[in-house]
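In: I would like the atomic coordinates for the input below:
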Amino acid sequence: MASLARHLLVTLLFLPLAFSSASSANSLADLIETIRPGIVGVGSARPVKQPGAKGPPVKFSGTGFVVGEGDLVITNYHVLPQKMDTDNNETLAVFVGRGKNSRVVPAVVLRTDPQHDLALLKIDTRLPALQLGQDRNIREGDSIAFTGFPIGVVLGLHPVTHRGIISAITPTVIPAHNSRQLTPEQVKRIRNPFDVYQLDAIAYPGNSGSPVYETENGTVIGVINSVFVKETKETIMQDPSGISYAIPVKYVVKLLNAD
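Out: I've put the predicted structure just below:
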């Protein structure tokens, strides 16, 4: 009888913890279902039958996410294709849908913010928009997730989600020991410094432009950046780290509200 009583006591003590973990897992799974329709690929596309064209008709550059009324997309500035084959009707494009139901949607650039590596695109369709949050309450240790295309569309248009925490709020530039160590990009950003989020989760080049969102409610608090920040922050390192960074959402809001 005493053994049975102890067993019941242990079960009751651990039941709330088990229920909480299961509830949290289910909550994130449900959240991903609502987030995923607003995640898009960004790149370029051209008609397949172009006699003089070289290379694949579709080129993936990075990830983006839908905001506003459903016809606007946020991505990284460096994700925008630098050159396009206009002679063969290659244009900026957004890839929407999932798997076999994916399709190409034309896009145009509305505004850019190269300083914070952001771009605002407009598309001729409407998709579920993600809710933008506020970064003034973000703290180190907050739980986050991000969804995007880490390896592009090699295996099809299937968004992938990573989970982690805000591990640090850190400046974009590490001070150099002397002026000779400063690169032109570092000098430029020292004049206009800003903080970014350092994440305890691995992001890959294809994740650039992915939304970073709170796991509790799905509100976007940042934009994954896998290239821009490292160009200045980690130039003093011989090899780039596996650290991931995100641009705070306040710069997205400013871009959306710019005249």
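In: strands of the chain, start to end?
Out: Assigned strands in the chain, in chain order: 39-45, 58-67, 72-75, 91-96, 103-113, 118-123, 143-148, 160-171, 195-199, 211-214, 220-225, 244-248 (criterion: DSSP state E).
In: any idea which of the ones you listed gets closest to Q82?
Out: Closest approach to Q82 among the strands of the chain is made by strand 58-67 (9.3 Å; CB to CB). For the C-beta atoms, the positions are set from N, CA and C on the backbone; glycine is no exception.
In: partner strands of that closest one, parallel or antiparallel?
Out: Its sheet considered, strand 58-67 pairs with strand 39-45 (antiparallel), strand 72-75 (antiparallel) by DSSP bridges.
In: roughly how far out does the longest one sit from the chain middle?
Out: To tie it back to what came earlier, the one meant is strand 39-45. How far strand 39-45 lies from its chain's middle: 13 Å, per CA atoms, centre = their mean, to the nearest Å.
In: quick one: that strand to strand 143-148, angle?
Out: For strand 39-45 against strand 143-148, the angle by axes from the mean of the first three to the mean of the last three CA atoms, to 10 degrees is 30 degrees.
In: for the record, mean pLDDT for strand 39-45?
Out: Mean pLDDT, strand 39-45: 94.
In: contacts for it next, please.
Out: 57-66, 73, 75, 79-81, 84, 90-96, 104-105, 107, 121, 127, 147-149, 152-153, 157, 159, 209-211 (CB atoms under 8 Å, 6 or more residues apart in numbering).
In: go on, the last one?
Out: Taking contacts as CB under 8 Å, 6+ apart, the residues outside strand 72-75 that touch it are 40, 42, 62-67, 94, 107, 110, 118-123, 129, 208-209, 211, 223, 252, 255-256.
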